[in-house]
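K.L.:
predicted model, plus sequence, below.
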Amino acid sequence: MMLSSKNSCASLLLAADRSLLTLVLDVSPSSWGERDLKRTANDKSRAAAGKRSVGPARLDDVLDATLGFCLTFAALARENSVVVVGAADGEVAVLYPRKGGRGDLAGVVHDPPDAAGGKVDAGLMNEAVRLGVAELVARAAARADAAVVTAEAEEGAQTSNANGKKPIAPPSPGAAVASALTVALCIVNRFMVAAGRGVSALADQPGGGDAQARAEEGGVLAMLNSTERGSGGGRKGGSRDRRRAAGGGGDVPSPRILVVQASEDRSGDYNAFMNGTFAAAKAGVVIDGCFIPSGIPQQSAKSPYLEQACDRTGGIFLAPSGAAQVGGALTEVLI
């Protein structure tokens, strides 16, 4: 009886502590290419003086750190789930679970108990994330090259024809972090709906008509339309209670989003980024942020948008610089 009681308590604790981590990773080649050039020059001069590297981090450094962090998170509880979303310039894609492969997100809808439960495969995640990043970077670089060629052609046509159209400018640098955040919120909602047995765990009244309509709409709309009614105890506690009420207890995972950003904020994304932040705050989804400064003069050392999102949702914002970006130190920073 004593052993059975202990096992039951352990199971309840595991269910209550079950978490969903959605990692948004900025892999824009326009940002990481500049860092690679600066790192090469810095390392060469410091090596000549017998000194170790002080950054900035390369994309490979960040991949190693984030994958190590994800495995550490998965090791905290066997039921933890991890989803990795990549953003490269204007494109966003889910890197892990990989579409069509083992652990595809489509399984969450068809088999909620298992698919929403996690069981992170370290080898599969490493392979999927690295392959997905390589594909994103290659497509982003190809689009940038095509845009430059098109702009040059248009500029040449304009010089030969006074009435010609203006040259097409290359796409603005930086990652579509706002779009990636929206995708992350949709993934969180999808997990919540699956754990809630088809009823949105982000709705206020799971049994009511309005809540059912919001569940059918899906996506971020359910988060945007949710309110602070229901249970008391503050914003975060109330949101957690609503999720558990919809999902039948501790079976609903506690969601959290981590954004690892290297590109500077894009001014045109402010409204979309803040809308996503407000949606996360209302749903009780915490956003953590790690901005990787380049150390290049005239470039920002932090992300004001991401810092606001972390502050609004009660998350942690960090901007490690210098030696904190290299030699495995970034993994410790994330943990």
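P.N.:
Received the coordinates, thanks.

K.L.:
show me the shaky parts of the protein.
P.N.:
Counting by pLDDT under 70, the chain contains low-confidence ranges at 1-17, 100-118, 147-173, 196-252.

K.L.:
tell me how far the residue nearest to residue 303 when sequence neighbours are not counted lies from residue 259.
P.N.:
Closest residue to residue 303 apart from its sequence neighbours, by C-beta to C-beta, 6 or more residues apart in numbering: residue 291 at 4.5 Å. For every residue, glycine as well, the C-beta is placed using N, CA and C. Separation of residue 291 from residue 259 (C-beta to C-beta, to the nearest Å): 9 Å.

K.L.:
residue 38 now?
P.N.:
Residue 38 sits 23 Å away from residue 259, going by C-beta to C-beta.

K.L.:
which one's more surrounded, those two?
P.N.:
Shown here are residue 38 and residue 259; by other C-beta atoms under 10 Å, residue 259 has more neighbours (28 against 16).

K.L.:
the more buried one contacts residue 181, doesn't it?
P.N.:
Yes - between residue 259 and residue 181 there is a contact at 6.8 Å, judged by C-beta atoms under 8 Å.

K.L.:
who touches both of the two?
P.N.:
24, 287, 309 (C-beta atoms under 8 Å, 6 or more residues apart in numbering).

K.L.:
which residues touch the residue nearest to residue 303?
P.N.:
Residues in contact with residue 291, defined by C-beta under 8 Å, 6+ apart, are 261-262, 301-303, 306-307, 317-319.

K.L.:
I'd like the shared contacts of residue 259 and residue 181 written out as CSV, with neighbour count, distance to residue 90 and secondary structure added.
P.N.:
Output for the shared contacts of residue 259 and residue 181, formatted as CSV (neighbours: other C-beta atoms under 10 Å; distance: C-beta to C-beta, whole Å; DSSP: H, G, I helix; E, B strand; the rest coil):
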residue, neighbour count, distance to residue 90, secondary structure
24, 25, 15, strand
287, 28, 22, strand
309, 28, 20, helix
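
K.L.:
could I get the residues you listed as CSV with distance to residue 44?
P.N.:
Output for the shared contacts of residue 259 and residue 181, formatted as CSV (distance: C-beta to C-beta, whole Å):
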residue, distance to residue 44
24, 33
287, 38
309, 37
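
K.L.:
just to revisit the earlier point, among the contacts of residue 291, which are in helices?
P.N.:
Members of these lying in helices (criterion: DSSP state H): 306-307.

K.L.:
in TSV: the contacts of residue 291, plus distance to residue 73.
P.N.:
Below are the contacts of residue 291 laid out as TSV (distance: C-beta to C-beta, whole Å):
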residue	distance to residue 73
261	19
262	21
301	27
302	24
303	22
306	20
307	22
317	18
318	16
319	21
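
K.L.:
overlap in contacts, residue 291 and residue 259.
P.N.:
Common neighbours of residue 291 and residue 259, counting by C-beta under 8 Å, 6+ apart, are residue 306.

K.L.:
what residues of the strand or helix carrying residue 25 count as buried?
P.N.:
Using DSSP states H and E, residue 25 sits within strand 19-26. Neighbour-count burial for strand 19-26, counted by 16 or more other C-beta atoms under 10 Å, picks out 19-26.

K.L.:
sheet partners, orientation included, of that strand?
P.N.:
Paired strands of strand 19-26, with direction, are strand 81-88 (parallel), strand 254-261 (parallel) (DSSP bridges).
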